[in-house]
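>>> below: sequence and its predicted model.
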Amino acid sequence: MIRLDKGFTLTELAVVLVIVSLLMGGLLIPLGAQQEIEKRRATEQQLNNIRETLIAFGTVNLRLPCPDTNNDGLEDVPCTGNAVQDGGLPWKTMAIAELDAWGGNWRYRIERGYANAITLKSLILQNGDDCFGLDSAFPGDCLDIRNNAGTRLNSDSEHPIAIIYSTGPNRQADGHNASYEAARATEPIYQSDVPSTSFDDLLIWVNRSSLITTLIARGQLP
Ligand SMILES: [Ca+2]
Ligand SMILES: [Ca+2]
C-alpha cells in the first residue's frame with residue numbers, strides 16, 4: 001500500500017510505544033539484578049581485604065584486634081575478660097572502610113585467646129590446639145560455622161579464630177547469625193552459605209593456620 005503522508009498513524013505510534021516500554025522493562029529488571037551482583041562481588045572483595053588486614057594486624061601486634069562494642073569504630077580492649085565477644089569490626093583501628101556495599105556495618109567475633117599477645121603465643125606454640133580440646137584457654141569460644149543445611153563447614157584442623165560478616169542486602173543477621181545475636185549465652189554457632197530466600201549474609205573466617213604461617217614467614221615465631 002502506498003502511503004501519502006510521511007507521519008505515523010496513532011496505531012503505529014501506540015505500537016512503537018508498547019515496544020519501547022517492553023524493551024525498557026526488559027532492560028531495567030536485569031539492571032537491578034546486575035547491581036545486586038556487583039554489590040555482592042564488591043562486599044566479597046572487601047571481606048577478603050579485611051581478612052588480609054586482620055592477619056597483617058596480627059603479625060604486627062602479635063594478637064588480633066578486639067571487637068568494637070560501643071560503635072565508635074575502635075577496638076575495645078582488653079576483651080579477654082568479656083565472655084560476649086560478638087560486636088562490630090574495629091574499622092577505624094584497622095584503617096578500613098566502615099560499611100559494606102549495602103551500607104551495613106561489619107560484624108566481627110574472635111576467640112578471646114587470640115586477642116592477647118601472651119595467650120596467642122602460648123596457644124600457637126601449643127601442639128594440638130583444636131579449640132575443642134581441654135588445652136584451649138576459652139573452650140566456650142570455639143567458633144562453629146554451618147551452612148544453610150546445618151552442616152558444619154570448619155574442620156577441627158581448620159580452626160577459625162575470628163569471623164567477619166556482612167548482613168547482606170536485608171541489612172540484618174540471618175539464620176544462626178541472628179540466633180546468636182538474640183541469645184548470646186548460647187554456643188557461638190554462625191552461618192555461611194550462598195544466598196537463599198531466608199539467608200543473605202556473607203561470612204568468612206580467619207584460620208589459625210593462616211595466622212601461624214604468616215607469623216613464621218615474618219620471623220615472629222620460631
Ligand atoms: Ca569501640
Ligand atoms: Ca542478612
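Yes, it's here. Numbers count the residues shown, from 1 in each chain. Ligands and ions are numbered 1, 2, ... in the order given.
>>> near ligand 2, anything from the longest helix that the chain contains?
Ranked by residue count and defined by DSSP state H, the top helix of the chain is helix 10-61. No. Helix 10-61 lies out of reach of ligand 2 by C-beta under 5 Å from the ion, never closer than 11.3 Å. All C-beta atoms are positioned from the backbone trio N, CA, C, and that covers glycine.
>>> what sits against the residue lying closest to Ser198 once chain neighbours are set aside?
Leaving aside its sequence neighbours, Ser198 sits nearest to Asp174 (C-beta to C-beta, 6 or more residues apart in numbering; 6.3 Å). Each residue near Asp174 by C-beta atoms under 8 Å, 6 or more residues apart in numbering is listed here: Thr167, Gly168, Gln191, Ser198, Phe199, Asp200, Asp201.
>>> drop anything exposed from those residues.
Neighbour counting with 16 or more other C-beta atoms under 10 Å marks Thr167, Gly168, Gln191, Phe199, Asp200, Asp201 as buried within those.
>>> Arg112: which of those is nearest?
Distance to Arg112 across the buried ones among the contacts of Asp174 (C-beta to C-beta) is lowest for Gln191, with 21.2 Å.
>>> quick check on the residue nearest the centre of the chain: phi, psi?
Closest residue to the average C-alpha location of the chain: Tyr165 at 2.1 Å, with C-alpha atoms, centre = their mean. Phi and psi for Tyr165, reported as degrees, to the nearest 10, are phi -150, psi 160.
>>> same thing with Trp102?
Main-chain dihedrals, Trp102, degrees, to the nearest 10: phi -100, psi 0.
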